[in-house]
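Engineer: Below: sequence and its predicted model.
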Amino acid sequence: MNAEILDFNKNEDALRKALSAWRTRLDKIALGGGKAAIDKQREKNKLTARERIHYLVDEGAPFIEIGAFAGYEMYEEQGGCPAGGTVAGIGYVSGRQCIILANDQTVKAGAWFPITGKKNLRLQEMAMENHLPVIYLVDSAGVFLPMQDEIFPDKEHFGRIFRNNARMSAMGITQLAVVMGPCVAGGAYLPIMSDETLMVEGNGSIFLAGPYLVKAAIGEQIDAETLGGATTHTELSGIADYRFATEQECLDQVKKIMGKLGHAPAPLFDRSTPVAPRHPAEELYGLFPADATKPYDMVDIIHRIVDDSVFEQFKEEYGKTILCGYARIEGWAVGIVANQRKVVKNRKGEMQMGGVIYNDSADKAARFIMNCNQKKIPLVFLQDVTGFMVGSRSEHAGIIKDGAKMVNAVANSVVPKITIIIGNSYGAGNYAMCGKAYDPRFIYAWPTARIAVMGGEQAAKTLLQIQVGALKAKGKVIDPAEEKKLLDEIKGRYEQQTSPYYAAARLWVDAIIDPVDTRKVIAEGLRAAAHNPDMPEFKTGVFQV
């Protein structure tokens, strides 16, 4: 067995092991609040959030779950908040692509944690950017009171949900609310601000204050069903539009409503007949190195994602540490900006490190991004970047100026941007390659992703120097063994924060995906983006040339 095959097999084993750990975590998250809580749902003749979505979506059509790792390992003292207490994603109902948001009643009675609000706002943002209909499956006890100060009053807190309801309605985006359990206090506005409201008899309820609070506030004794149940709101208040005896009947009506929606306008972006890649996607497992410092050819990765494995490079012989070029994904025309990870020679014959953005590569990428905006071609960023080149030579050549030019082009880009972080995403490289702060329509990560201001080794050594310097200033001396122990502790803490799970828990990425699904999630993102033909004029503003 030659070295190349041996490396391929080692890489494949490492990535499959990482995927096994990823699936194990997902399986645990899918249980929500646990078996006992699920059993309580069953006793009330209620489906779980995931069962509701499974019943609702078209059989055989893609469903891309968003934010499955939201809140992962973040609220341990409160008992955890799997998936942020909300199951959500992009799917198809009666042939219409849409956003679905379902409260998970098994997680603290569907209460809203800070991450729940952030996740819901992210899904609404996707709906607004892509003009996708939204279906809310409501079953929530409202704000998680012990953390109310982190979810209630700020601009990106709970109240922003209802502001977005109003804005989406004005934009002509259909919103349907299906009340399958409690809908209390401020949360009661969500179904009423939707286009149509459906309720399940016996379980669904809507009120600003529940029976206990009503008794405490005004002394009135009343039960939940009489106060705000399905019969009350369909016959007395007129708040709800439909009521059904079972959840299944309620969801069937949603399918009927969705099936009658008008269709999206013709896509602005070009699409031809899809052609499968010539190379199987499973080869990605062996091509991506287990060691993040090892070089590889990003063109090999691209060939397993794009139609017919055809990638037409732009300025192929210039700025070689960034690959730019045109391709198609499931027929959709795209411009790809990707970090080249193999060592290359520049036009002067000098060796350049893979994954590093040099002056010429930043200049090339900025020009390519502007070209794609001019031609109305969506952009796909494949990130494995360690940052911009440093040192006196780069500084004197104006690396900051060239980097700013690329950042300017990314920030002002008006075509849809989709980002996949497959490896490193460090420092300003994260920004230039369209990280979360630069408004990608969708951003996903492989289990191999690492997101931080710099690599763990460099960061740990920098922090160590600071700590050792502080100790020396106090007259303390540490021996090499103590210094190594301190370095390992710092590195361990830092590495934990660079994990894709840490990022996904905080919604810095929308989901962690299996590499073989990369083509599918990009294609679904492009299909979603095609629903919104409105595009402002592309302007870059002022930048140094």
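Structural biologist: That came in fine, so what should we check first? What you see is a predicted model, and the numbers here were worked out from it, not measured in a lab.
Engineer: Tell me the pLDDT of residue 456.
Structural biologist: Looking at residue 456, its pLDDT stands at 65.
Engineer: Next, give phi and psi for the closest residue to residue 268 other than its chain neighbours.
Structural biologist: Among residues not flanking residue 268 along the chain, residue 533 sits closest, at 4.5 Å (Cβ to Cβ, 6 or more residues apart in numbering). For glycine as for every other residue, the C-beta is placed from the backbone atoms N, C-alpha and C. Phi and psi for residue 533, reported as degrees, to the nearest 10, are phi -80, psi -10.
Engineer: list the contacts for residue 533?
Structural biologist: Each residue near residue 533 by Cβ atoms under 8 Å, 6 or more residues apart in numbering is listed here: 265-268.
Engineer: ok, residue 230 touching residue 241?
Structural biologist: No: with contacts counted by Cβ atoms under 8 Å, residue 230 stays clear of residue 241, the gap being 10.8 Å.
Engineer: Show me which of those two is the more surrounded one.
Structural biologist: Taking neighbours as other Cβ atoms under 10 Å, residue 230 and residue 241 compare with residue 230 leading, 24 against 18.
Engineer: List the contacts of that one.
Structural biologist: Contacts for residue 230 (Cβ under 8 Å, 6+ apart) come out as 179, 199-202, 204-205, 240, 243.
Engineer: Buried only: go through the contacts of residue 533 for me.
Structural biologist: Buried members of the contacts of residue 533, counted by 16 or more other Cβ atoms under 10 Å: none.
Engineer: roughly how far apart are residue 131 and residue 524?
Structural biologist: 15 Å (Cβ to Cβ, to the nearest Å).
Engineer: The two: who's more crowded?
Structural biologist: residue 524 (23 against 20).
Engineer: Where does that one sit: helix, strand or coil?
Structural biologist: Following DSSP: H, G, I helix; E, B strand; the rest coil, residue 524 is assigned to helix.
Engineer: mind starting the numbering at 49 from now?
Structural biologist: Got it, first residue is 49 now, which makes that one residue 572.
Engineer: distance of it from residue 99?
Structural biologist: Computed with Cβ to Cβ, the distance linking residue 572 and residue 99 is 22 Å.
Engineer: From the contacts of residue 581, pick the one nearest residue 549.
Structural biologist: Of all the contacts of residue 581, residue 315 has the smallest distance to residue 549: 34.9 Å, by Cβ to Cβ.
Engineer: Surely that closest one is in contact with residue 578?
Structural biologist: Yes: the pair residue 315 and residue 578 passes the contact test of Cβ under 8 Å, sitting 3.7 Å apart.
Engineer: Give me the pLDDT for residue 274.
Structural biologist: Predicted confidence (pLDDT) for residue 274: 92.
Engineer: Ignore what I typed, I meant residue 200.
Structural biologist: 82.
Engineer: Just the element for it, please.
Structural biologist: Using DSSP states H and E, residue 200 sits in no helix or strand.
Engineer: go on, residue 477?
Structural biologist: helix 475-480.
Engineer: Please identify which of the contacts of residue 278 is nearest to residue 133.
Structural biologist: Closest approach to residue 133 among the contacts of residue 278 (Cβ to Cβ): residue 227, at 17.0 Å.
Engineer: nearest residue to the closest one other than its sequence neighbours?
Structural biologist: Using Cβ to Cβ, 6+ apart, the nearest residue to residue 227 is residue 252, at 4.0 Å.
Engineer: Show me which residues of the longest helix out of those in the chain are buried.
Structural biologist: If you go by DSSP state H, the chain has its longest helix at helix 51-77. Neighbour-count burial for helix 51-77, counted by 16+ other Cβ under 10 Å, picks out 55-56, 59-60, 62-63, 66-67, 70, 73, 77.
Engineer: Also stretch 104-123?
Structural biologist: Using 16+ other Cβ under 10 Å as the test for burial, stretch 104-123 gives 104-106, 110, 112-120, 122-123.
Engineer: just checking, which of these belong to strands?
Structural biologist: 112-113 (DSSP state E).
Engineer: Name the nearest of the buried residues of stretch 104-123 relative to residue 494.
Structural biologist: Within these, the smallest distance to residue 494 is 13.4 Å, found for residue 117 (Cβ to Cβ).
Engineer: Got the phi and psi for the spatially closest residue to the closest one that is not a sequence neighbour?
Structural biologist: Excluding the flanking residues, the one nearest residue 117 by Cβ to Cβ, 6+ apart is residue 552, at 3.6 Å. Main-chain torsions, residue 552, degrees, to the nearest 10: phi -70, psi -30.
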